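In: Return atomic coordinates for the entry below.
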Amino acid sequence: MSVTLLIEQLINGLQLGTMLFLMASGLTLVFGVMGLINLAHGSFYMVGAYVTALATVSTGSFLLGLVAGVLAAAAAGAIVELLVIRRLYHRQHLDQVLATFALILIFSEGTRWLFGSSPLWLSPPEALSGSVALPGGSRYPVYRLVIIAVGVVVAAGLYLLIAHTRLGMRIRAGESDREMIGALGVNIRRLYTLVFALGAALAGLAGSLVGALQSVQVGMGEPVLILAFVVIVIGGIGSIKGALLGALLVGMVDTLGRVFLPALFGQFMSPSDAAGTGTALAAMLIYILMAVILAFKPKGLFAAHD
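Out: Next up, the predicted model:
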């Protein structure tokens, strides 16, 4: 194993972790404040990716496409909250799961009806299409480093928002006692709409950024949603700090496991057996990590209400 390969995979894990943080932070924020299990969160990821791809092609500017994708995801989140989610707050979690699963089908089939089943392709902007040198002489794409930087900026922005603004104070109060802040005159419905739209915008941002690395297609948000749920369970439901740490752990463990486990098993297995065994175990690693953490910290690393 070369040092260059290790450094490259560590950066890949960091990039995956920051993308998962963008997804998981919105998901844990919605659950922490609103007590809502939102299976449709991945659909906003898809909305962001599709709108970014279409707007970029139409305007010729990736930046305008990115802004359009985030705004479209936020708008879709606000509309969904007003029309559907608002009726689910006092329902059982099973009702929330069924309703938001129905939203997944509606978004997926609606997207397929509008744009067809063929994937869309989006390239990184020309200014970010280069690479930088890593120790050892290999090159690493600038665009992936930009995704990491965006994740850091968003994490800092969320911290400042929640810890040092009036809206953040209301969000924190809403996590602790929803009835009390309503009694104190805070418009709880407006707060819920803002929080849900913010969570959708973060998912849309993740989809918009990742859309330039992979194909934009129907159902692209569901695999990421599963990883995002793993992240918030590891980090602690309702905790932004936990979402950040959990996302970085999942990103690193998943990336390093998929690259190095087959090589490790190759030391004492045939190449075909090593590839099969290593790949299978690598796919299980993040769930093993989750089980181990929950065995010692049943509420996650940073439970919001500890």
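
In: Any figure for the gap between residue 233 and residue 300?
Out: 6 Å (C-beta to C-beta, to the nearest Å). Quick note: C-beta positions are derived from backbone N, CA and C, even for glycine.

In: and for the two, which residues touch both?
Out: Residues touching both residue 233 and residue 300 by C-beta atoms under 8 Å, 6 or more residues apart in numbering: 246, 294.

In: Looking at these two, which is more packed in?
Out: Remark: of residue 233 and residue 300, residue 300 carries more neighbours, 25 against 19, as counted by other C-beta atoms under 10 Å.

In: shouldn't that one be in contact with residue 236?
Out: Yes. Taking C-beta atoms under 8 Å as the contact criterion, residue 300 and residue 236 are neighbours in contact, 3.1 Å apart.

In: Need the residues touching each of those two.
Out: 242, 246.

In: Next, residue 186: secondary structure please.
Out: coil (DSSP: H, G, I helix; E, B strand; the rest coil).

In: again with residue 213
Out: Reducing the assignment to helix, strand or coil with three-state DSSP, the entry for residue 213 is coil.

In: Spit out the contact partners of it.
Out: Residues touching residue 213, when contacts are defined by C-beta under 8 Å, 6+ apart, comprise 124, 143-144.

In: buried set for stretch 118-131?
Out: Neighbour counts over stretch 118-131 (16 or more other C-beta atoms under 10 Å) mark 120, 122, 124-125, 128 as buried.

In: Narrow those residues to those in helices?
Out: For these, membership in helices holds for none, with DSSP state H as the criterion.

In: just curious, which of the residues you listed is nearest to residue 269?
Out: Minimum separation from residue 269 among the buried residues of stretch 118-131 (C-beta to C-beta) is found for residue 124, which lies at 37.9 Å.

In: For that closest one, which non-adjacent residue is spatially closest?
Out: The shortest distance from residue 124 to any non-neighbouring residue, by C-beta to C-beta, 6 or more residues apart in numbering, is to residue 143 (4.0 Å).

In: What's the separation between the one you found and residue 213?
Out: Summarising the geometry, the distance separating residue 143 from residue 213, computed by C-beta to C-beta, is 7 Å.

In: Now do the shared contacts for these two.
Out: Residues touching both residue 143 and residue 213 (C-beta under 8 Å, 6+ apart): residue 124.

In: Surely the residue nearest to residue 124 and residue 127 touch.
Out: No. Counting by C-beta under 8 Å, residue 143 sits too far from residue 127 to count as a contact (9.5 Å).

In: where exactly do the strands run in this structure?
Out: 131-133, 139-141 (DSSP state E).

In: and the first one, what does it pack onto?
Out: Helices and strands in packing contact with strand 131-133 are listed as strand 139-141, helix 142-164; criterion 3 or more C-beta pairs under 8 Å, 6 or more residues apart in numbering; DSSP states H and E.

In: In terms of mean pLDDT, which of these ranks lowest?
Out: Set side by side, the helices and strands packed on strand 131-133 give their lowest mean pLDDT on strand 139-141, at a mean of 86.

In: residues of that strand that come out buried?
Out: Within strand 139-141, the residues that count as buried by 16+ other C-beta under 10 Å are 140-141.

In: in its sheet, what does it sit against?
Out: Sheet partners assigned to strand 139-141 using DSSP bridges are listed as strand 131-133 (antiparallel).

In: Could I get the pLDDT score of the residue nearest to residue 135 when sequence neighbours are not counted?
Out: Across the structure, with C-beta to C-beta, 6+ apart as the measure, the residue nearest residue 135 apart from its sequence neighbours is residue 7 (6.1 Å). Per-residue confidence at residue 7 stands at 84 (pLDDT).

In: quick one: contacts for residue 7?
Out: Listed by C-beta under 8 Å, 6+ apart, the contact partners of residue 7 are 134-136.

In: Just the pLDDT at the residue nearest to residue 243 when sequence neighbours are not counted, thanks.
Out: In space, residue 243 comes closest to residue 24 once its chain neighbours are excluded; the distance is 4.3 Å by C-beta to C-beta, 6+ apart. Per-residue confidence (pLDDT) for residue 24: 91.
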